[in-house]
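In: this is the structure alone, sequence omitted:
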Ligand code: PGA
């Protein structure tokens with residue numbers, strides 16, 4: 001049985017006080033799921049301090065595709081490791097779209113993150129146009145394939161996959177449980193053809209307008225192993241309710 005995992009992606013929101021609010025809320029919440037929060041880089045140090053004696057892990061929202069050097073403004077996987085991160089989100093659709101990150105760039109980030117013993121949370125997802133064109137499967141498998149081509153299938157044994165349909169992110173219009181399960185299943189089936197053990201062990205999270213009222217139904221699906229939460233991760237009570245839905 002795969003353990004459920006819930007990761008909060010704050011994007012460019014929040015502050016150090018929000019870490020404390022989550023800490024307090026989750027201390028009052030009984031949960032068995034694995035939980036992580038991904039605040040902006042500048043709050044990682046405070047978060048490491050505040051979460052030290054909890055079972056809430058820390059993650060980052062991105063990492064450089066280089067180990068070190070003259071890359072102004074970038075943050076290396078080594079630095080994230082030193083700040084106590086366990087997870088690093090890579091290939092989020094906002095970065096693919098706004099920072100022109102290609103699947104090959106994302107694969108290089110995957111390499112850097114794993115090289116420092118961190119767990120990449122690889123995001124894949126189709127736009128509404130691609131879904132309407134019937135390209136969902138090709139798009140998400142294509143994004144996954146770029147990483148497998150660069151790193152090998154076994155690398156996914158130490159990674160998390162997140163299916164995030166672009167049209168569902170921040171829109172309040174989550175994928176239906178059937179739509180989400182269908183894509184998760186097809187991703188797992190593709191992986192199965194490469195390596196059955198990796199396919200069975202891999203946690204595949206759903207992201208895109210997960211809220212307390214739809215979380216339990218999504219997480220009850222056979223191939224949905226938890227969630228990557230944006231907007232609701234900024235509200236400690238809502239986030240804790242989602243964590244409970246996964247527990
Ligand atoms: P959302 O964001 O929950 O606000 O839709 C999800 C994400 O982008 O990870």
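Out: That came through fine. Predicted, not measured: the structure shown is a model, and the values here were computed from it.

In: what residues does this protein have near the ligand?
Out: The chain comes close to the ligand at residues 9, 164, 169-170, 207-210, 228-232, as judged by C-beta under 6 Å from any ligand atom. From N, CA and C alone the C-beta is placed, and that goes for glycine too.

In: which one (most neighbours) among these?
Out: Counting neighbours by other C-beta atoms under 10 Å, residue 210 leads those with 31 neighbours.

In: and stretch 22-36, which residues are buried?
Out: Within stretch 22-36, the residues scored as buried using 16 or more other C-beta atoms under 10 Å are 22-23, 25-26, 29, 31, 33-36.

In: end to end, how far does it reach?
Out: Taking C-alpha to C-alpha, to the nearest Å, stretch 22-36 runs 11 Å from one end to the other.

In: how about stretch 85-92?
Out: End-to-end distance of stretch 85-92: 17 Å, with C-alpha to C-alpha as the criterion.

In: can you give the distance of that stretch from its chain's centre?
Out: Mean-position distance between stretch 85-92 and its chain equals 6 Å (C-alpha atoms, centre = their mean, to the nearest Å).

In: on that earlier part again, from the buried residues of stretch 22-36, which one has the minimum pLDDT?
Out: Across the buried residues of stretch 22-36, the smallest pLDDT goes to residue 29, namely 91.

In: distance check, the closest residue to it other than its chain neighbours against residue 28.
Out: Excluding the flanking residues, the one nearest residue 29 by C-beta to C-beta, 6 or more residues apart in numbering is residue 240, at 4.4 Å. Applying C-beta to C-beta, to the nearest Å, the value for residue 240 to residue 28 is 8 Å.

In: buried residues in the helix ranked longest in the chain, which are they?
Out: Ranked by number of residues, the top helix in the chain under DSSP state H is helix 177-194. Within helix 177-194, the residues scored as buried using 16+ other C-beta under 10 Å are 177, 179-184, 186-188, 190-191.

In: what's the closest of those residues to the ligand?
Out: residue 180 (12.6 Å; C-beta to the nearest ligand atom).

In: name the helix or strand for the nearest residue in space to that closest one that is not next to it in sequence, please.
Out: Once flanking residues are discounted, residue 180 sits nearest to residue 206: 4.8 Å by C-beta to C-beta, 6+ apart. Here residue 206, judged by DSSP states H and E, is contained in strand 203-207.

In: cool, residue 161 as well?
Out: For residue 161, the host element (DSSP H and E) is strand 160-163.

In: from residue 38, how far out is residue 194?
Out: Taking C-beta to C-beta, one finds residue 194 at 28 Å from residue 38.

In: circling back to that earlier point, check which element follows the strand holding residue 206 along the chain.
Out: helix 212-219.

In: packing partners of the next helix or strand along the chain from that following helix?
Out: Note on helix 212-219: by DSSP H and E, the next helix or strand toward the C-terminus is strand 226-229. Strand 226-229 sits against strand 5-9, strand 203-207, helix 212-219, helix 236-245, with contacts defined as 3 or more C-beta pairs under 8 Å, 6 or more residues apart in numbering; DSSP states H and E.
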